[in-house]
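Undergrad: Okay, predicted coordinates and the sequence, questions at the end:
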Amino acid sequence: DGGITQSPKYLFRKEGQNVTLSCEQNLNHDAMYWYRQDPGQGLRLIYYSQIVNDFQKGDIAEGYSVSREKKESFPLTVTSAQKNPTAFYLCATGHGRDRGFQPQHFGDGTRLSIL
Amino acid sequence: AQKITQTQPGMFVQEKEAVTLDCTYDTSDPSYGLFWYKQPSSGEMIFLIYQGSYDQQNATEGRYSLNFQKARKSANLVISASQLGDSAMYFCAMRELSYTGGFKTIFGAGTRLFVKA
């Protein structure tokens, strides 16, 4: 089955701890994105990557880090510098510019809470 | 600056009736795409409908249609014959080219739709 797999579904973080959210795709999409969603709110862009080994900050990158070593994978690390990490995190993929304005595909999300 | 505005935090509709969810956007780029997504309480984002900035006709997908008024910069979603399963959060989004040459998508704050039996 083609799709996006986010893991874990639920994650708990202790104070001062870094945690990593996984996002894997087999859609062969060039672009990958991380969004944060707070309760009752819209999605805000954290980081995005258009190609392997390249990524750009989104609107709320502080306290987060990413890597894009493989086309299929775009893990997000929530560092201890992120003081309010409790949120729902969504990973998305999309085609490159050559395919026009195609819709993004989303994973099922990871809910992160502070212990 | 707010680029996508959804002015209705919550909407109620009677089952089998039609409902319009409002969306206005702001961009100076002549080329962009407009999308609507549905997010049930389980959290996944479901793509509903797409409208390109150069499309002459309003997009339709089954019970969903997009009322695209380019001069007004509005892209309202119309759901006909509402069903109980349509109760969810609905997001309007705009996809445009970023300064890096790739695409960025901006989402509105969403409208929560409640369908009454």
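TA: Perfect, I can see it now.
Undergrad: where along the chain do the strands fall?
TA: Using chain A. Along chain A, the stretches classed as strands by DSSP state E are A:4-7, A:10-13, A:19-25, A:31-37, A:43-49, A:56-57, A:64-66, A:76-78, A:87-94, A:105-106, A:110-114.
Undergrad: Please refer instead to chain B.
TA: Along chain B, counting by DSSP E, strands occupy B:4-5, B:10-14, B:19-21, B:24-25, B:33-39, B:46-52, B:60-61, B:64-69, B:74-79, B:88-97, B:103-107, B:111-116.
Undergrad: and chain A, which of those is closest to it?
TA: Of all those, it is strand B:33-39 that lies closest to chain A, at 2.9 Å by Cβ to the nearest Cβ. Placement of C-beta: from N, CA and C, glycine included.
Undergrad: what's the pLDDT at the closest residue in space to A:Gln17 that isn't next to it in sequence?
TA: Leaving aside its sequence neighbours, A:Gln17 sits nearest to A:Ser80 (Cβ to Cβ, 6 or more residues apart in numbering or on different chains; 6.4 Å). The model reports A:Ser80 with a pLDDT of 89.
Undergrad: Hmm, A:Ser80 is touching A:Asn18, no?
TA: Yes. The criterion here is Cβ atoms under 8 Å, and A:Ser80 meets it with A:Asn18 at 6.0 Å.
Undergrad: would you list the strands of chain B in JSON lines and tack on mean pLDDT?
TA: Below are those laid out as JSON lines (pLDDT from 0 to 100):
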{"stretch": "strand B:4-5", "mean pLDDT": "95"}
{"stretch": "strand B:10-14", "mean pLDDT": "96"}
{"stretch": "strand B:19-21", "mean pLDDT": "98"}
{"stretch": "strand B:24-25", "mean pLDDT": "96"}
{"stretch": "strand B:33-39", "mean pLDDT": "96"}
{"stretch": "strand B:46-52", "mean pLDDT": "94"}
{"stretch": "strand B:60-61", "mean pLDDT": "96"}
{"stretch": "strand B:64-69", "mean pLDDT": "97"}
{"stretch": "strand B:74-79", "mean pLDDT": "98"}
{"stretch": "strand B:88-97", "mean pLDDT": "92"}
{"stretch": "strand B:103-107", "mean pLDDT": "86"}
{"stretch": "strand B:111-116", "mean pLDDT": "97"}
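Undergrad: Report the contact partners of the residue lying closest to A:Phe88 once chain neighbours are set aside.
TA: Spatial nearest neighbour of A:Phe88, chain neighbours left out: A:Gln37 (4.4 Å); criterion: Cβ to Cβ, 6+ apart. For A:Gln37, the contacting residues are A:43-44, A:87-90, A:109, by Cβ atoms under 8 Å, 6 or more residues apart in numbering or on different chains.
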